[in-house]
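Participant: Here you go, sequence then predicted model.
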Amino acid sequence: MDKYVQLNIWLQYFFVMSEEPRIYSNRDIEWMILGIPTGHKHLRLVIKVSDGLIVFHEATIAAMVRAYIDIKTHPTRRAVKLVGGYIPNRKEGYADYQLVEVGDGEDEIIKDIDEILGIN
């Protein structure tokens with residue numbers, strides 16, 4: 001099995017299938033590195049935490065940065081939800097599978113975050 005397939009399976013279990021959320025603060029991160037691996041064109045972010053390695057592809061990092069900047073620089077926006085899906089009519093150079101914003105309301109998104117974190 002390809003190591004990226006194995007990592008994908010692990011990440012799906014790690015982030016989707018587990019009942020309890022894993023919450024990482026700066027204190028929990030031993031180190032992180034960002035770069036373009038040999039033979040590749042796009043960045044990878046590798047984060048070392050006590051219970052393993054987390055690897056993000058450039059497109060995933062870009063989606064997180066877009067969402068972060070959107071919320072932090074907007075005068076009223078408080079939350080955004082991105083959902084993965086296949087995009088048939090996309091700009092040249094973009095992968096067919098993307099994380100894109102959906103129209104869920106901010107109050108509903110914040111309610112979901114609160115529920116995941118155990119906040120009443």
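Facilitator: Received the coordinates, thanks. Values in this document were obtained by computation on a predicted structure and should not be read as measured data.
Participant: From now on I want contacts and neighbour counts done on CA atoms only, so please keep to that.
Facilitator: Noted.
Participant: residues near Val55, how many?
Facilitator: Summarising burial for Val55: neighbours were counted as other C-alpha atoms under 10 Å, giving 18.
Participant: Is it located within a strand, as I assumed?
Facilitator: Yes - counting by DSSP: H, G, I helix; E, B strand; the rest coil, Val55 is part of a strand.
Participant: what's the nearest residue to it if we skip its chain neighbours?
Facilitator: Closest residue to Val55 in three dimensions, ignoring its sequence neighbours and counting by C-alpha to C-alpha, 6 or more residues apart in numbering: Val46, at 4.5 Å.
Participant: Quick one: the strands in the protein, in order.
Facilitator: When secondary structure is read from DSSP state E, the chain shows strands at 29-35, 44-49, 52-57, 82-86, 97-101.
Participant: Please compute how far the second one lies from its chain's middle.
Facilitator: Relative to the chain's own centre, strand 44-49 is displaced by 12 Å; criterion: C-alpha atoms, centre = their mean, to the nearest Å.
Participant: same question, stretch 98-111
Facilitator: Using C-alpha atoms, centre = their mean, the mean C-alpha position of stretch 98-111 is found 14 Å from that of the whole chain.
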